[in-house]
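Trainee: When you get a sec, could you give me coordinates for this:
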Amino acid sequence: MGGKKQLVLLGALAALVAALIPTGMAIGSHEGSPVPVGDASVVLLTLGSQDEVTWSGNTQRITSKANKCVSVQFDSSPDLLDVTPIGGDLGLVKDGLGVKSVSDGTGEPCGRIEAEDDEAISVALGSDLDGYLMSAIDVDLELKFNALVHVHFLLDGDEVTEPVPFGPMVGSDDGPDSGDGDNHRFFHRPMDGDNQLFFDEVVFEAVGGAFSLEGGADLADSSEVNAFGMLDTNSKSSQFEIFQTFAGDITCGDDVSIDDDDVPGVLGEVTMHALEFDPDGAEPLDWYTTDCLLKLYNDGVGPNHLLFLPFLEDTSGRYTIRITLEDQPIDSDGDGQITTLVMQYNADGNLSPLEAVEECRAQPVLSGEGYDEFWTQEDVGLLPEDESACYFGVASQPTGVDEDSGETVGTEVWDIYFEDDPAFSFG
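Mentor: Now for the predicted structure:
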């Protein structure tokens, strides 16, 4: 069955992005859609005198050969937008991106997306915008030959809404609106009733005629071109509105299940027991088990990791997590002590250096009488000296024999107590 699965539990974010969330403020659910945090920002695609993608002081350069029909490259650092042609290679002519098919040569067609060649172009968020999702677009499209464009909004490869048609012959609240010949702005914010729909990719498909995805260089004044109001009124570039998002939120007494259908056999069940804060925003801080602030989190499961990343500025949390791993090699010494799995952690949320996780000094109160008293005391008495995590339970149950290795395999369950944001590694 290959090597031992390695699990990683990360509990720190690289940057602070929001102030304290007021008590009782409902910003989302860990069973619903992604939770947006803070204000929107806008990624700009600019083509013309400068070919680049910009966002929050970061610039991703776009380069091409002299004929600008082949070898169009978006720099990989920073990786803000991934632009992918469908039906050929990525072409760039003057200030318009298109798809270069076999019949295009080096002229204008390689800067267009053409219906007769079944062409389309995809714009997705790059790796440096992991943890962000798009919420709206406001783009510069040049339409040719009575073009009809179908715009698809996708999240994890699935369409979040029906394709939106756009073109000179389409009557729509989204346009087209033109103040400069063939140049049009297309604005759309996908909605489900009053709820925003988030997406990580938008695909522009040529259904009739041809079009180019442009960056604003040949547009007239923005107030004349776009009757709907640009996302960034200081720029005529193509614009992609983004929010930082979290998987959900958790508060005291809440449980979060962390699993993935694509990675069967790995499950984490996190419970937040208490939060240290002062409701009036002043010192000293006290521990609470009720009326706690909502704490945002991200999670994720892969073949070798399990992620739980809580975030709330200036607060501390007390958590337990039960991690279940199926189909694990089960080895023990002569006294029955499990020797297969060794647990390590880093108190600062990194994966190096790691040290062994020690056994807790006592058992936590997980329910019933004495629960509030236990979790609101200044020191719960679980952690060994100078530690921020410990395990209070570990068990294994053999379930069979791996056909390839001949090893005994089974299910392992770890019960872990941790405070705030260490990183755990199992291997």
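Trainee: going forward, measure contacts and count neighbours with C-alpha atoms only.
Mentor: Noted.
Trainee: if I pick residue 240, what's in contact with it?
Mentor: 42, 43, 44, 134, 135, 136, 137, 138, 139 (C-alpha atoms under 8 Å, 6 or more residues apart in numbering).
Trainee: and of these, the nearest to residue 279?
Mentor: If you rank these by distance to residue 279 using C-alpha to C-alpha, residue 135 comes first, at 32.4 Å.
Trainee: Could you identify which of the contacts of residue 240 has the most neighbours?
Mentor: residue 134 (28 neighbours; other C-alpha atoms under 10 Å).
Trainee: Touching, that residue and residue 243? I think so.
Mentor: Yes. The pair residue 134 / residue 243 is scored as a contact, 6.5 Å apart, by C-alpha atoms under 8 Å.
Trainee: Touching, residue 64 and residue 90? I think so.
Mentor: No. In this structure residue 64 lies outside contact range of residue 90 using C-alpha under 8 Å: 9.8 Å.
Trainee: Near the residue nearest to residue 348 when sequence neighbours are not counted, how many other residues are there?
Mentor: In this structure, residue 348 finds its nearest non-sequential neighbour in residue 422, 5.4 Å apart by C-alpha to C-alpha, 6 or more residues apart in numbering. Counted with other C-alpha under 10 Å, residues neighbouring residue 422 total 21.
Trainee: Retrieve the pLDDT associated with residue 422.
Mentor: As predicted, residue 422 sits at a pLDDT of 76.
Trainee: Pop the domain breakdown of the chain in here.
Mentor: The chain is divided into the following domains under automatic domain parsing: 7-30+247-426, 37-245.
Trainee: what about the longest one, start to end distance?
Mentor: This points to domain 37-245. 6 Å (C-alpha to C-alpha, to the nearest Å).
Trainee: Deepest-packed of the domains of the chain, please.
Mentor: Ranked by average neighbour count under the criterion mean count of other C-alpha atoms under 10 Å, these are headed by domain 37-245 at a mean of 19.
Trainee: Quick check: next helix or strand after whichever strand or helix holds residue 136?
Mentor: In this assignment (DSSP states H and E), residue 136 forms part of strand 132-155. Using DSSP H and E, the helix or strand that follows strand 132-155 in sequence is strand 158-159.
Trainee: partners of that next one, with directions?
Mentor: Sheet partners assigned to strand 158-159 using DSSP bridges are listed as strand 132-155 (antiparallel).
Trainee: what about the partner strand, average pLDDT?
Mentor: Rounded mean pLDDT across strand 132-155 is 94.
Trainee: With just CA atoms, put it into CSV.
Mentor: Coordinates of each C-alpha in strand 132-155 appear next as CSV, following Å, rounded to 0.1, in the frame of the first residue of the first chain:
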residue,chain,number,x,y,z
TYR,A,132,-9.4,34.1,-2.8
LEU,A,133,-12.4,33.8,-5.1
MET,A,134,-13.8,36.1,-7.8
SER,A,135,-17.2,37.7,-7.2
ALA,A,136,-17.7,39.9,-10.3
ILE,A,137,-16.0,40.9,-13.6
ASP,A,138,-16.0,44.0,-15.6
VAL,A,139,-14.1,43.4,-18.8
ASP,A,140,-13.2,45.1,-22.1
LEU,A,141,-14.3,43.0,-25.1
GLU,A,142,-13.9,43.9,-28.7
LEU,A,143,-16.8,42.3,-30.7
LYS,A,144,-16.6,41.5,-34.4
PHE,A,145,-19.0,40.2,-37.0
ASN,A,146,-22.1,40.3,-34.8
ALA,A,147,-20.3,38.4,-32.1
LEU,A,148,-22.2,36.3,-29.5
VAL,A,149,-20.2,35.4,-26.4
HIS,A,150,-21.3,33.0,-23.8
VAL,A,151,-19.6,33.7,-20.4
HIS,A,152,-19.3,30.8,-18.0
PHE,A,153,-18.6,31.2,-14.3
LEU,A,154,-17.0,28.2,-12.6
LEU,A,155,-16.0,27.1,-9.1
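Trainee: Adding distance to residue 354, write the contacts of residue 240 out as a markdown table.
Mentor: Formatted as a markdown table, the contacts of residue 240 follow (distance: C-alpha to C-alpha, whole Å):
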| residue | distance to residue 354 |
| --- | --- |
| 42 | 39 |
| 43 | 38 |
| 44 | 41 |
| 134 | 36 |
| 135 | 39 |
| 136 | 42 |
| 137 | 44 |
| 138 | 47 |
| 139 | 47 |
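Trainee: quick one: the strands in the stretch 251-400 of the chain?
Mentor: 255-258, 266-277, 286-288, 295-302, 305-311, 316-329, 343-346, 355-356, 389-401 (DSSP state E, counting those that start in this stretch).
Trainee: Would you mind telling me which of these is nearest residue 83?
Mentor: strand 295-302 (25.7 Å).
Trainee: so how far is the closest one off the chain centroid?
Mentor: Centroid separation for strand 295-302 versus its chain: 9 Å, with C-alpha atoms, centre = their mean, to the nearest Å.
Trainee: That strand: partners in the sheet, and parallel or antiparallel?
Mentor: Strand 295-302 is paired, per DSSP bridges, with strand 248-250 (antiparallel), strand 305-311 (antiparallel).
Trainee: if you average pLDDT over that strand, what comes out?
Mentor: 82.
Trainee: what angle do it and strand 316-329 make?
Mentor: 10 degrees (axes from the mean of the first three to the mean of the last three C-alpha atoms, to 10 degrees).
Trainee: just the angle between strand 295-302 and strand 266-277, please?
Mentor: Going by the same axes, to 10 degrees, strand 295-302 makes 160 degrees with strand 266-277.
Trainee: which other residues reach strand 295-302?
Mentor: By C-alpha under 8 Å, 6+ apart, strand 295-302 touches 21, 246-251, 258-260, 263, 266, 306-312.
Trainee: correct me, but the residue nearest to residue 348 touches residue 345?
Mentor: Yes. With contact defined as C-alpha under 8 Å, residue 422 and residue 345 form a contacting pair (6.6 Å).
Trainee: residue ranges for the helices of this structure, please.
Mentor: Assignment of helices within the chain using DSSP state H yields the ranges 222-225, 371-376.
Trainee: lowest-confidence stretch among those helices?
Mentor: Among the helices of the chain, helix 222-225 carries the lowest mean pLDDT (a mean of 46).
Trainee: Quick check, central residue of the protein?
Mentor: The chain has residue 131 as the residue nearest its centroid, 3.0 Å off, counting by C-alpha atoms, centre = their mean.
Trainee: Make sure that residue is actually in contact with residue 247.
Mentor: No. Contact criterion C-alpha under 8 Å: residue 131 and residue 247 do not qualify, at 9.2 Å.
Trainee: Touching both of these two, which residues are there?
Mentor: Common neighbours of residue 131 and residue 247 (C-alpha under 8 Å, 6+ apart) do not exist.
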